[in-house]
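# Provide a 3D model corresponding to the input given below.
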Amino acid sequence: MSRVLLFINNILLPGGTERSTINLANNLARNGFLVEIVSLYSDGGESFFQIDNKVTVRHYKINQNRSRIINLYNQVKTFVEVYKIIKQLKTRDIVIGTVHSINIMFGFMSFLGIRAKLVGCEHTAYDSATGITKVFRRLFYRYLNSVVILTKTDFIKYSNIGVKSIFVIPNEVSFEIEQSPMEKENILLAIGRFSAEKRFGLLLELVEEIFKRHENWTLLLIGDGPQKDDLKNIIESRDLNNNVLILSPQKDISKYYKKASIYLMSSNKEGLPMVLLEAKAFGMPIVAFDCPTGPKELIEENDGFLIPMGGNQQFIENVIRLIDDSQLRNEMGKNSQKNVERYTSENILVEWKKMFNLVQKM
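Numbering: from 1, shown residues only. Sure, this is the predicted structure:
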């Protein structure tokens, strides 16, 4: 029985990387793999997303600190701890990193000659990396046994930095495709971290124009992050309190997908957004901006609208078109559910097994 270790910074958080990592762990465990999640900076407790009881979770409680000196010490400590774990593994065990810092560390270990099956799994777009991360990625990713990326768009970029084994494996959809009838309401939905790249401030400006024509509709924003107070101020200053509701991250997110009629994405950076897969599973048409990666891989002509960056008026018009035309909205919603079937856990598992088979032969 193959053993797979998934290394992550903090498995307890409610983000997309944590969600997709847990989805993969659960999928592998249900299908006969011995799976262990190694969470470097968490100290135990309940994860935001449900982890299958067949999955082992280890918390290493390494401190993260804003002080550069203390942080450097913690990075060295992290490296030593991870090195100890990997040195004890059997040759057929597969180790998967889930963020840049861990993947770079694995690449460096491989460069030093450690004999282990080390895989870097990317959850963000190639161009989202900044500064020193870009330098270290170029230096050390080539020594990984394989790199798993989310989109074909990024394939050539990883090839250009010397990565020889690259697999494009998208995220799996988190939920079963909803089959029962859903009571859809006049709700626009957007979910994500309240940070600059999500551009929720812009989204509020756009829906303000929509609500001038459709005041009986509501935007539901679900998330948290550094821009939360700014978003609340925009809502207050633009008198949107009656049309916009902000909720913190929800464990039972499915009930909001079931009620919402249209999903909106205003991001200028994405990997392969889990929220779009989830929205499609619940029969929602999508209106999103065409940022470099993500929405273009998931939105098809018959299930949503992909808006050129900067096409703010086009975004507004297409949302209004869906609001005005319930038949189009329902038809696109049905197509969303049909189109997302390729991202089921069964189909995605097939792709991971192909990668495992290749890596174990190296």
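# give me the distance between V4 and Q360.
Here the criterion is C-beta to C-beta, to the nearest Å. By it, V4 lies 11 Å from Q360. All C-beta spots, glycine's among them, are computed from the backbone N, C-alpha and C.
# who has more neighbours, these two?
Under the criterion of other C-beta atoms under 10 Å, the comparison of V4 against Q360 puts V4 first, with 22 against 14.
# and the more buried one, what does it touch?
Residues counted as contacts of V4 (C-beta atoms under 8 Å, 6 or more residues apart in numbering) are A25, L28, F33, L34, V35, E36, D93, I94, V95, I96, F356.
# surely it is within a strand?
Yes. Counting by DSSP: H, G, I helix; E, B strand; the rest coil, V4 falls inside a strand.
# can you offset everything so residue one is 52?
All set: I'll call the first residue 52, so the last point we hit is now V55.
# for the top helix by length along the chain, buried residues please.
If you go by DSSP state H, the chain has its longest helix at helix 119-138. Judged by neighbour count using 16 or more other C-beta atoms under 10 Å, the buried positions of helix 119-138 are N125, T129, V133, I136, I137.
# TSV for the contacts of V55, including neighbour count?
Shown next, in TSV, are the contacts of V55 (neighbours: other C-beta atoms under 10 Å):
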residue	neighbour count
A76	26
L79	26
F84	21
L85	15
V86	24
E87	19
D144	17
I145	23
V146	26
I147	28
F407	20
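# in helices, which of those appear?
Using DSSP H, the contacts of V55 in helices are A76, L79, F407.
# going by distance to M156, which of the residues you listed wins?
Looking at these and their distance to M156, the nearest is A76, at 19.9 Å (C-beta to C-beta).
# these two touch, right, that closest one and V86?
Yes. A76 is within contact range of V86, at 4.9 Å (criterion: C-beta atoms under 8 Å).
# what's downstream of the helix or strand harbouring A339, the next helix or strand?
Per DSSP states H and E, A339 falls inside strand 337-340. The helix or strand immediately downstream of strand 337-340 is helix 346-349, counting by DSSP H and E.
# list the strands paired with whatever helix or strand comes next after that next one, with their directions.
Per DSSP H and E, the first helix or strand lying C-terminal to helix 346-349 is strand 355-358. As defined by DSSP bridges, the strand partners of strand 355-358 come to strand 337-340 (parallel).
# contacts only, for S377.
So S377 contacts nothing (C-beta under 8 Å, 6+ apart).
# what's the answer for L409, then?
S197, S216.
# wait, is it part of a helix?
Yes. The assignment for L409 (three-state DSSP) places it in a helix.
# state the distance from it to N353.
35 Å.
# report the contact partners of the closest residue to L254 other than its chain neighbours.
Nearest non-adjacent residue to L254, counting by C-beta to C-beta, 6 or more residues apart in numbering: S317, 4.1 Å away. Contacts for S317 were tallied using C-beta under 8 Å, 6+ apart; they are A241, K249, R250, F251, L253, L254, L257, A339, F340, F366.
# where's S317 relative to V391, distance?
Separation of S317 from V391 (C-beta to C-beta): 21 Å.
# same question for G148.
27 Å.
# okay, those two: which has more neighbours?
More neighbours surround G148 than the other of G148 and V391, with 26 against 22 (other C-beta under 10 Å).
# bridging residues for that one?
Going by DSSP bridges, G148 forms beta bridges with F58, G171.
# looking at it, it is touching H174, isn't it?
No. At 10.3 Å, G148 does not count as touching H174 under the criterion of C-beta under 8 Å.
# now the helices for the stretch 152-301 of the chain?
182-191, 206-210, 251-264, 279-288 (DSSP state H, counting those that start in this stretch).
# of those helices, flag the one that's most buried.
Greatest average neighbour count among the helices of the stretch 152-301 of the chain goes to helix 251-264 (a mean of 18), per mean count of other C-beta atoms under 10 Å.
# quick one: residues in contact with it.
Outside helix 251-264, the residues that reach it (C-beta under 8 Å, 6+ apart) are 239, 241, 243, 245, 268, 270, 272, 274, 278, 281-282, 285-286, 289, 291, 294-295, 315, 317, 363, 366-367, 370-371, 374.
# remind me which residues of the stretch 52-201 of the chain are low pLDDT?
52, 114-122 (pLDDT under 70).
# so which of the ones in helices among the contacts of V55 comes closest to V199?
For the ones in helices among the contacts of V55, the nearest to V199 is F407 (10.6 Å; C-beta to C-beta).
# tell me who's in contact with that closest one.
Contacts of F407 by C-beta under 8 Å, 6+ apart are S53, V55, I145.
# how far away is it from K138?
F407 is 21 Å from K138, by C-beta to C-beta.
# with K185 instead?
From K185 to K138 the distance is 29 Å (C-beta to C-beta).
# repeat for K168
K168 is 13 Å from K138, by C-beta to C-beta.
# ends of stretch 388-395, what's the gap?
End-to-end distance for stretch 388-395: 11 Å, by C-alpha to C-alpha, to the nearest Å.
# just give me how far it sits from the chain centre.
With C-alpha atoms, centre = their mean, to the nearest Å as the basis, stretch 388-395 stands 17 Å off its chain's centre.
# now the strands for the stretch 152-301 of the chain?
Taking DSSP state E, counting those that start in this stretch as the test, the strands found in the stretch 152-301 of the chain are 168-172, 197-200, 217-219, 238-242, 269-273, 295-298.
# of the ones you listed, which stretch is the most buried?
Buried most deeply of those, by mean count of other C-beta under 10 Å, is strand 168-172, with a mean of 26.
# and that one, what other elements does it pack with?
With contacts defined as 3 or more C-beta pairs under 8 Å, 6 or more residues apart in numbering; DSSP states H and E, the packing partners of strand 168-172 are strand 145-148, helix 151-162, strand 197-200, helix 396-411.
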